[in-house]
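1. what would the 3D arrangement of this be:
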Amino acid sequence: MKSPTVPAVISLWYICNNDKIYCATQKTAKIVSYLKKNSTCGFEIAGDKPPYKGVRGEGTIQILNETGPYVLDLLIEKYLGEKESKLSKFLRNNSKTEVAIEITPQKIFDYDYSKRMKGA
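-> Below you'll find the predicted structure:
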């Protein structure tokens, strides 16, 4: 009997562009090997403070080898800003081995718990 597959939940920085979601990671990261075996993934984009709201969905992915450094630069600007920092220097120093993950959403569900979390 085959063991059930356990979902892997991995948080990544993201940007949205032309109805697609882009992330970047090292090409040796576990998530890349997982996605090469199965090009369907689940995703969630949400804040981490109440009231909780966001979108969840399912999509298909492509690993984009040449686009990784470009997407990484966009993510650094979004999350760290334009000011140089230790983290941004570290990430850019390793950008040659970065790949982009492109998610094309197939199903999207939104949720908003604002009403039931009033005062949270």
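2. model confidence for the closest residue to residue 114 other than its chain neighbours, exactly?
-> The shortest distance from residue 114 to any non-neighbouring residue, by Cβ to Cβ, 6 or more residues apart in numbering, is to residue 51 (4.1 Å). The C-beta positions use only the backbone N, C-alpha and C, and glycine is treated the same way. We have a pLDDT of 84 for residue 51.
3. confirm that residue 51 sits in a strand.
-> No - assessed with DSSP: H, G, I helix; E, B strand; the rest coil, residue 51 is coil; it does not lie in a strand.
4. tell me the contacts of it?
-> 112, 113, 114, 117, 118, 120 (Cβ atoms under 8 Å, 6 or more residues apart in numbering).
5. which residue ranges of this structure form helices?
-> 30-37, 68-80, 86-93 (DSSP state H).
6. can you tell me which of the ones you listed is most buried?
-> A comparison of the helices of the chain by mean neighbour count, using mean count of other Cβ atoms under 10 Å, puts helix 68-80 on top with a mean of 17.
7. what's that helix packed up against?
-> strand 15-17, strand 20-26, helix 86-93, strand 98-112 (3 or more Cβ pairs under 8 Å, 6 or more residues apart in numbering; DSSP states H and E).
8. from what I see, residue 100 and residue 61 are in contact.
-> No - contact criterion Cβ atoms under 8 Å: residue 100 and residue 61 do not qualify, at 10.1 Å.
9. poorly predicted segments of the chain, please.
-> Residues of the chain meeting the criterion pLDDT under 70: 1-5, 119-120.
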